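S.K.: Pasting the sequence and the predicted model now:
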Amino acid sequence: MNCPTCGKKLAGTGKGPKSKTRPNRKFGGVLCHSCTERTIKLKTRLDEKTITKDDIEPKYQKYVQQVVINTTEKPKRQTKKKK
Ligand SMILES: [Zn+2]
């Protein structure tokens with residue numbers, strides 16, 4: 001199985017023991033790790049209105065829509081300052 005957004009082969013899908021993989025990981029077995037991270041970042045930026053839906057590549061959009069950022073448990077704001 002390949003990642004639908006970047007085409008990279010997904011590790012841990014198909015055959016093999018799944019005991020080591022965490023099933024609660026977002027998009028586990030659907031998107032590869034980097035695309036999962038990217039999707040979550042896009043969702044975060046979308047929520048912060050840093051970007052609009054038009055800035056998201058169409059292939060990511062449906063996954064971004066599926067991301068639910070769990071902000072109800074920890075209401076603290078994450079203000080990461082990069083650069
Ligand atoms: Zn990918």
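M.R.: Looks like it came in fine. Numbers count the residues shown, from 1 in each chain.

S.K.: For the protein, which segments are assigned as helices?
M.R.: Residue ranges of the helices in the chain, as given by DSSP state H, are 33-47, 58-66.

S.K.: Who are the contact partners of residue 32?
M.R.: When contacts are counted by Cβ atoms under 8 Å, 6 or more residues apart in numbering, residue 32 is found next to 3, 5-6, 8, 10-11. Quick note: C-beta positions are derived from backbone N, CA and C, even for glycine.

S.K.: ok, now how distant is residue 8 from residue 36?
M.R.: The gap separating residue 8 from residue 36 is 12 Å, by Cβ to Cβ, to the nearest Å.

S.K.: neighbour-wise, which of the two wins?
M.R.: More neighbours surround residue 36 than the other of residue 8 and residue 36, with 19 against 13 (other Cβ atoms under 10 Å).

S.K.: The more buried one contacts residue 10, doesn't it?
M.R.: No. Taking contact to mean Cβ atoms under 8 Å, the distance of 10.5 Å between residue 36 and residue 10 leaves them out of contact.

S.K.: how much space between the closest residue to residue 2 other than its chain neighbours and the ion?
M.R.: With Cβ to Cβ, 6 or more residues apart in numbering as the measure, residue 9 is the residue that lies nearest to residue 2, at 5.5 Å, once sequence neighbours are left out. Using Cβ to the ion, to the nearest Å, we find residue 9 at a distance of 9 Å from the ion.

S.K.: what does residue 50 give?
M.R.: Following Cβ to the ion, the distance that separates residue 50 from the ion is 22 Å.
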